[in-house]
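Novice: Coordinates only, no sequence provided:
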């Protein structure tokens, strides 16, 4: 399934997932949250998925900008 979101939304989604993946272990270290097996894997999964989604957003943004630049250069 291909997500038809604009690239900036993917970048924001990926960044927010990575931010949450940093906050969860921080709260575990400060002993606000208990360190459970589920929370540890949730933080890791959010970090990996956020990095992947953000990377996909950046790649699609670069592809769009290159396509616009190529069409602009073509009609000069």
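Specialist: Great, that's in hand. Note that this is a predicted model, so its numbers are computed, not measured. Residues are numbered from 1 along each chain as shown.
Novice: use CA for all of it now, contacts and neighbours both
Specialist: Noted.
Novice: so residue 41 is in which element?
Specialist: helix 37-74 (DSSP states H and E).
Novice: ok, the residue nearest to residue 9 when sequence neighbours are not counted - contacts?
Specialist: Spatial nearest neighbour of residue 9, excluding adjacent residues (CA to CA, 6 or more residues apart in numbering): residue 57 at 7.6 Å. Counting by CA atoms under 8 Å, 6 or more residues apart in numbering, residue 57 makes contact with 6-11.
Novice: ok, the residue nearest the centre of the chain to residue 49 distance?
Specialist: Computing the C-alpha centroid of the chain and ranking residues by CA atoms, centre = their mean puts residue 14 first, at 1.6 Å. According to CA to CA, to the nearest Å, residue 14 stands 7 Å off from residue 49.
Novice: Quick one: mean pLDDT for the helix holding residue 41?
Specialist: Helix 37-74 shows a mean pLDDT of 92.
Novice: Among the contacts of residue 57, name the buried ones.
Specialist: With burial judged by 16 or more other CA atoms under 10 Å, the buried subset of the contacts of residue 57 is 7, 10-11.
Novice: Just the buried residues of stretch 11-27, please?
Specialist: 11, 13-18, 20-21, 24-25.
Novice: I'd like the mean pLDDT over it, please.
Specialist: Mean pLDDT, stretch 11-27: 96.
Novice: Check what contacts that stretch and list those residues.
Specialist: In contact with stretch 11-27 (CA under 8 Å, 6+ apart) are residues 33, 39-40, 42-44, 46-58.
Novice: so how far is it from its chain's centroid?
Specialist: 9 Å (CA atoms, centre = their mean, to the nearest Å).
Novice: before we move on, what about stretch 39-58?
Specialist: The chain centre lies 6 Å from the centre of stretch 39-58; the measure is CA atoms, centre = their mean.
Novice: Spit out the contact partners of residue 46.
Specialist: 17-18, 20-21.
Novice: Show me the two of the contacts of residue 57 that sit farthest apart.
Specialist: For the contacts of residue 57, the maximum inter-member distance is 9.0 Å, found between 6 and 11 (CA to CA).
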